[in-house]
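**Q** can't give you the sequence, but here's the structure:
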């Protein structure tokens with residue numbers, strides 16, 4: 001029996017672990033001590049190991065030693081990093097134990113926003129102008145050459161954590177000086193206004209074999225920093241927008257070298273309809289987007305990913321869309337510990353979020369306009385019934 005080791009810094013990936021077990025593999029989980037009480041799928045796990053994780057940070061040296069010790073008696077055939085913050089951990093362990101899969105060089109393209117932009121540029125993919133912020137003269141040259149506003153972004157964070165929008169040269173330098181020795185872990189790029197879309201996909205041999213395109217209601221950066229209800233909805237199948245997003249997503253997967261797996265990629269669509277690459281990842285989309293994809297298409301990307309990892313020949317894994325409906329997701333921090341969603345009882349409601357201090361649901365329907373109507377109504381009601389906000393986090397540790 002082959003063994004797959006799953007890494008997860010957050011409580012997620014239950015469907016992945018269950019599917020890997022169904023594929024006949026031995027499933028192990030390595031996670032943080034802070035998640036000892038999480039609702040892990042113990043019925044699918046052959047063993048679970050906990051590492052100390054003060055401030056949600058793992059000591060990578062101790063992680064390598066611990067997994068190497070485990071490998072003395074248990075041959076590890078695959079390693080799956082289930083969260084964005086685990087991608088480097090998984091690559092490090094694969095390199096150290098010589099386990100097949102994404103190594104550190106490719107992983108860098110999917111975690112380091114500066115590296116992924118550089119690879120995208122080399123592949124001829126349209127993206128906002130950008131620069132590293134290592135050298136003062138280069139930063140000043142960029143500011144003079146590229147009109148603002150600009151955004152200063154952490155290279156290794158996820159979501160919209162730590163992003164700062166700068167309107168003037170003085171704003172840029174004030175933020176850079178405040179970063180001190182952390183400055184080199186950021187990049188500066190032109191702010192491109194427009195709609196923010198995402199494509200969630202499965203990839204085999206750098207070819208996208210399944211994709212679902214969606215558009216955020218309010219850009220994630222505004223939700224994260226401004227305190228807004230989070231929404232996203234699938235775009236019209238067969239539309240020009242879907243085609244453009246699918247084409248751009250395929251370019252990214254090939255350009256960045258993802259052999260097989262899953263990805264959540266984000267794009268900006270400006271007022272002229274041009275698509276700009278924003279960022280990508282080698283994991284399932286967060287914020288319950290995977291549930292939106294599943295209810296809209298019937299495809300569970302966690303399960304598809306597990307099949308790809310466990311398959312002798314990943315090219316034989318072919319996700320099938322069993323249904324295609326229009327879907328929308330909305331979610332917010334709630335001002336009640338256990339929000340009551342019972343009044344949201346339209347037949348189009350197919351899923352409700354069960355998490356303390358959060359309210360969320362998914363709508364699906366065969367009629368695009370019906371989803372639009374309900375989404376607009378529900379967003380207004382969410383602000384009245386549940387909405388709460390907290391100051392934006394500057395790091396993943398602050399979100400723990």
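**A** Here it is on my side, so go on. Here the structure is a predicted model, which is why all the values come from computation and not from measurement.
**Q** where does the stretch 251-400 of the chain have low pLDDT?
**A** 392-400 (pLDDT under 70).
**Q** can you show me the strands along it?
**A** Counting by DSSP state E, counting those that start in this stretch, the stretch 251-400 of the chain has strands at residues 260-269, 275-279, 326-334, 349-352, 358-365, 387-388.
**Q** now for these, which one comes closest to residue 214?
**A** Closest to residue 214 of the strands of the stretch 251-400 of the chain is strand 326-334 (Cβ to Cβ; 8.0 Å). (Each C-beta comes from the backbone N, C-alpha and C, glycine too.)
**Q** and the chain, what are its domains?
**A** 3-101, 129-190, 195-399 (automatic domain parsing).
**Q** now those in TSV, with mean neighbour count?
**A** Compiled in TSV, the domains of the chain are given as follows (neighbours: other Cβ atoms under 10 Å):
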stretch	mean neighbour count
domain 3-101	18
domain 129-190	16
domain 195-399	18
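**Q** redo these as JSON lines? Include distance to residue 117.
**A** Listed next are the domains of the chain as JSON lines, based on distance: least, Cβ to Cβ, whole Å:
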{"stretch": "domain 3-101", "distance to residue 117": "17"}
{"stretch": "domain 129-190", "distance to residue 117": "5"}
{"stretch": "domain 195-399", "distance to residue 117": "8"}
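**Q** quick check: which of those is nearest to residue 108?
**A** domain 3-101 (7.9 Å).
**Q** tell me which element the nearest residue to residue 60 once chain neighbours are set aside is part of?
**A** Once flanking residues are discounted, residue 60 sits nearest to residue 92: 6.4 Å by Cβ to Cβ, 6 or more residues apart in numbering. Per DSSP states H and E, residue 92 falls inside helix 87-97.
**Q** what residues does that helix touch?
**A** 5, 7, 58, 60, 63-64, 67-68, 71, 76, 79-81, 99-104, 106-108, 110-111, 281-283 (Cβ atoms under 8 Å, 6 or more residues apart in numbering).
**Q** from the contact counts, what lies against the helix or strand that it is followed by?
**A** Next in sequence after helix 87-97, counting helices and strands by DSSP H and E, comes helix 104-111. Here helix 104-111 touches helix 87-97, helix 113-122, helix 240-256, going by 3 or more Cβ pairs under 8 Å, 6 or more residues apart in numbering; DSSP states H and E.
**Q** distance to residue 339 added to those helices, as a markdown table?
**A** Converted to a markdown table, those look like this (distance: least, Cβ to Cβ, whole Å):
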| stretch | distance to residue 339 |
| --- | --- |
| helix 87-97 | 32 |
| helix 113-122 | 34 |
| helix 240-256 | 33 |
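**Q** low-confidence stretches in the stretch 101-250 of the chain?
**A** In the stretch 101-250 of the chain, residues with pLDDT under 70: 158-160, 224-226.
**Q** what about the helices in it?
**A** Assigned by DSSP state H, counting those that start in this stretch, the stretch 101-250 of the chain shows helices spanning 104-111, 113-122, 136-145, 169-179, 220-226, 240-256.
**Q** residue 341: which of those helices is closest?
**A** Of all the helices of the stretch 101-250 of the chain, it is helix 220-226 that lies closest to residue 341, at 19.7 Å by Cβ to Cβ.
**Q** can you tell me which residue is spatially central in this protein?
**A** residue 285 (3.9 Å; Cα atoms, centre = their mean).
**Q** look up phi and psi at it.
**A** Main-chain torsions, residue 285, degrees, to the nearest 10: phi -60, psi 140.
**Q** which non-adjacent residue is nearest it?
**A** residue 264 (3.5 Å).
**Q** the one you found and residue 301, how far apart?
**A** 9 Å (Cβ to Cβ, to the nearest Å).
**Q** what's the overlap in contacts for the two?
**A** Residues touching both residue 264 and residue 301 (Cβ under 8 Å, 6+ apart): 200, 284-285.
**Q** thinking again about what came up before, possible to save the strands of the stretch 251-400 of the chain as TSV with distance to residue 221?
**A** Output for the strands of the stretch 251-400 of the chain, formatted as TSV (distance: least, Cβ to Cβ, whole Å):
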stretch	distance to residue 221
strand 260-269	11
strand 275-279	10
strand 326-334	16
strand 349-352	26
strand 358-365	19
strand 387-388	18
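**Q** now the helix holding residue 92: mean pLDDT?
**A** Mean per-residue pLDDT for helix 87-97: 97.
**Q** taking helix 104-111 as reference, get the angle to it.
**A** Taking axes from the mean of the first three to the mean of the last three Cα atoms, to 10 degrees, helix 87-97 and helix 104-111 form an angle of 170 degrees between their directions.
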